[in-house]
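Enquirer: sharing a model that was predicted from the sequence below.
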Amino acid sequence: MQMKITASQLSNLLEEIKTLMELNGENPFKSRAFGNAADKIRELGDSEDWETRTRTGKLTELPGIGKGIAEVITDFVQNGQSKVQAELERALPEGLLELSRVPGLGPKKARSVIETLGIKTLGELEYACAENRLATMKGFGEKSQAKILEGVRFLRAGEGLQPLPVAEADGLLLETALKKLAGSKKRVELAGALRMRREVIDSIDFVIEKGAVEAADWKSKLDELSSQRQTQVPVRLHEVAAKNFESEWLKQSSSPEHWTELGATTGASEQAIYESAGYAWVPAESREWASDLALFKKSKPIELVQTSDIHGAFHFHTVASDGALTLEEVIQEAISRNWKFIGVSDHSQSAFYAQGLKSDALKKQRDELEKLRKKYPQIRIFWGIESDILGDGGLDYDESTLGDFDFVIASIHSRFQMDREAMTERLIRAVENPATTMLGHLTGRILLGRKGYDIDFDRVFEACAKHGVSIELNSHPSRLDVDWRHGEKLRKLGIPISLNPDAHERDGFNDIRYGVDMARKACLPKSQIINSWNVEEIEKWLKK
DNA sequence: GCCGTTTTCGGCCCGACTGTTTTCAGTCG
């Protein structure tokens, strides 16, 4: 069966080849070339017809794609697999791919662990750490062993777990298949963690009407779909009689705490069940804490933000630092979404790894921005910077440079290893800086990849409230940081929350929907979400 | 591997940190 070739298939392939080359110790510039080509393809997306471009030999017209990479792509498009990728995989020592995922273990050290200790799996590595065998190896010691052990435990906890967007794609695939099997007479609905928009998904749940599908049919359908699925997240079907469908659907789309707190169990619809208990309908994503239910009292339910309330957003990177779009392209994309405002913020000078902007680059961007403001009067363009928070809590430019921006996002990008007290002080100092508008990705966590650093949230939140500093809800699905679980504190302190895509490419604009999901999970009122404010309100707030 | 040119080679982003070492390799962002 011929499947349409998508940009994400191709960029994933090239990205994987890049990783395999790194692990194989290839020339770093060569592997980077594959990474660059992957970025380019992702950036162009499916506006390109990749099959036609491949067939007609026009791949090399794209910058970053030369003869070599065009051959790899052609091979993949024609044969559905890549010889280069297969060869690289063959050349790789067993276990290297898995072990190199551990924070602190790069290609060199992972290889050394495999060769010296004969370790091939995370489980073996964990055991070797417990046995103190790593610490005795050349180039390793007590501390690196402890760090690696922590990394292994963190990764193992993530097995069978997937980030929301990845599991969501599987969920849609399965939902379509299930509904087709069930036909129009029997109901099938998505429930569980996916319907609740949890940031990490541990199972894909459906509530189905009794007799909707035969177990054997579903099993063979699942087998058939397994090659198209991107995850091994377990799938669960909850079968229920038609008369109890709504109540079961509600139960399977709520936390146990929420379900218990609600108390009511029967009704013709979810809405009716909530109403009979004195509440307005609660969206599934907001059914987490028992105490949040009170926010939905029928007399005066909380108004949550929705995607249609989003008039704009802050935190976009451009080609001036590590983004893929030019300043003008970012603005045009915002306009195409009917946004009323956009806040661009490239990296600051200390962010070498991301080509942070030095003073001449700042001036250049500012001049360009002035021209674009005239050219696109239909949108308010805020000029900002994502300033690194330095080790001592200071920001990255002098006071007068910082004063030129409309807004400043203060973020930590280095020195993650500080203890709780030092990190808390560092953040508070950044909050106290009069130039700071908002705190970026508060804990630096990478979901399923890296724990955030430990801070005293209460103290940081209180400092934000005191100094009128907003907190970013970084909407990249691997961050979703600040965590929605802090919703009650943020609500009580009334700290303005900014749903920031932190976009480095066109696709990143879409991530804001995950920010909306998390804001709804946090039960933050719409009025607290900066993106829903009109331009005058934002300008007034920024002036303060 | 890609690119660009003063074109067929040489450069491609690089600084900080960590833990190890006893002057630096490896990892990270």
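Expert: Arrived safely.
Enquirer: hey, let's count contacts and neighbours off CA atoms from now on
Expert: OK.
Enquirer: and A:Gln9, which helix or strand is it part of?
Expert: Per DSSP states H and E: A:Gln9 is located in helix A:7-23.
Enquirer: just the angle between the helix or strand just after that helix and helix A:7-23, please?
Expert: Sequence order places helix A:28-44 as the next helix or strand after helix A:7-23, per DSSP H and E. Helix A:28-44 runs at 170 degrees relative to helix A:7-23, counting by axes from the mean of the first three to the mean of the last three CA atoms, to 10 degrees.
Enquirer: who touches the residue of chain A found nearest DNA strand B in this structure?
Expert: Residue nearest to DNA strand B within chain A: A:Gly141 (2.2 Å; CA to the nearest atom of the strand). By CA atoms under 8 Å, 6 or more residues apart in numbering, the contact set of A:Gly141 is A:Leu134, A:Ala135.
Enquirer: equivalent analysis for A:Gly104, please.
Expert: A:Ser144, A:Lys147, A:Ile148, A:Gly151 are the contacts of A:Gly104 under CA under 8 Å, 6+ apart.
Enquirer: from the residues you listed, which would you call buried?
Expert: A:Ser144, A:Ile148, A:Gly151 (16 or more other CA atoms under 10 Å).
Enquirer: confirm the last one sits in a helix?
Expert: Yes: secondary structure assignment places A:Gly151 in a helix (DSSP: H, G, I helix; E, B strand; the rest coil).
Enquirer: what's the burial count for A:Ser82?
Expert: 19 (other CA atoms under 10 Å).
Enquirer: my error: substitute A:Ala191 in the last question.
Expert: 27.
Enquirer: now swap in the one 3 residues further on and tell me
Expert: Counted with other CA under 10 Å, residues neighbouring A:Leu194 total 24.
Enquirer: pretty sure it sits against A:Glu175.
Expert: No: with contacts counted by CA atoms under 8 Å, A:Leu194 stays clear of A:Glu175, the gap being 11.5 Å.
Enquirer: could you list the domains of chain A?
Expert: A:7-91, A:106-157, A:163-296, A:307-543 (automatic domain parsing).
Enquirer: so where do the strands sit in the stretch 301-450 of chain A?
Expert: A:312-316, A:341-347, A:380-388, A:407-411, A:438-439 (DSSP state E, counting those that start in this stretch).
Enquirer: make a markdown table out of those strands and add distance to A:Ser47 and mean neighbour count.
Expert: Converted to a markdown table, the strands of the stretch 301-450 of chain A look like this (distance: least, CA to CA, whole Å; neighbours: other CA atoms under 10 Å):
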| stretch | distance to A:Ser47 | mean neighbour count |
| --- | --- | --- |
| strand A:312-316 | 22 | 26 |
| strand A:341-347 | 24 | 26 |
| strand A:380-388 | 27 | 24 |
| strand A:407-411 | 32 | 26 |
| strand A:438-439 | 35 | 26 |
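Enquirer: hmm, which helix or strand of chain A has the shakiest average pLDDT?
Expert: Lowest on mean pLDDT, DSSP states H and E among the helices and strands of chain A sits helix A:122-130, with a mean of 81.
Enquirer: buried stuff in that one?
Expert: Result for helix A:122-130 [16+ other CA under 10 Å]: buried residues A:Leu122, A:Leu125, A:Glu126, A:Ala128, A:Cys129.
Enquirer: ok, which stretches of the stretch 101-250 of chain A are strands?
Expert: A:162-163, A:188-191, A:200-201, A:204-209, A:235-240.
Enquirer: which parts of the stretch 401-544 of chain A are helices?
Expert: A:420-432, A:457-467, A:487-493, A:512-521, A:535-543 (DSSP state H, counting those that start in this stretch).
Enquirer: lowest-confidence stretch among these?
Expert: Mean pLDDT is lowest for helix A:420-432 among the helices of the stretch 401-544 of chain A, at a mean of 92.
Enquirer: buried stuff in that helix?
Expert: A:Ala422, A:Met423, A:Thr424, A:Glu425, A:Arg426, A:Leu427, A:Ile428, A:Arg429, A:Ala430, A:Val431, A:Glu432.
Enquirer: show me what that helix is packed against.
Expert: helix A:457-467 (3 or more CA pairs under 8 Å, 6 or more residues apart in numbering; DSSP states H and E).
Enquirer: alpha carbons only: can I get the helix it packs on in PDB?
Expert: Written as PDB, here are the backbone C-alpha positions of helix A:457-467 (Å, rounded to 0.1, in the frame of the first residue of the first chain):
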ATOM      1  CA  PHE A 457       7.500  27.600  44.500                       C
ATOM      2  CA  ASP A 458       5.700  29.500  47.300                       C
ATOM      3  CA  ARG A 459       8.500  32.000  47.600                       C
ATOM      4  CA  VAL A 460       8.900  32.500  43.900                       C
ATOM      5  CA  PHE A 461       5.200  32.900  43.400                       C
ATOM      6  CA  GLU A 462       4.900  35.400  46.200                       C
ATOM      7  CA  ALA A 463       7.800  37.400  44.700                       C
ATOM      8  CA  CYS A 464       6.000  37.400  41.300                       C
ATOM      9  CA  ALA A 465       2.800  38.600  42.900                       C
ATOM     10  CA  LYS A 466       4.600  41.300  44.800                       C
ATOM     11  CA  HIS A 467       6.500  42.700  41.800                       C
END
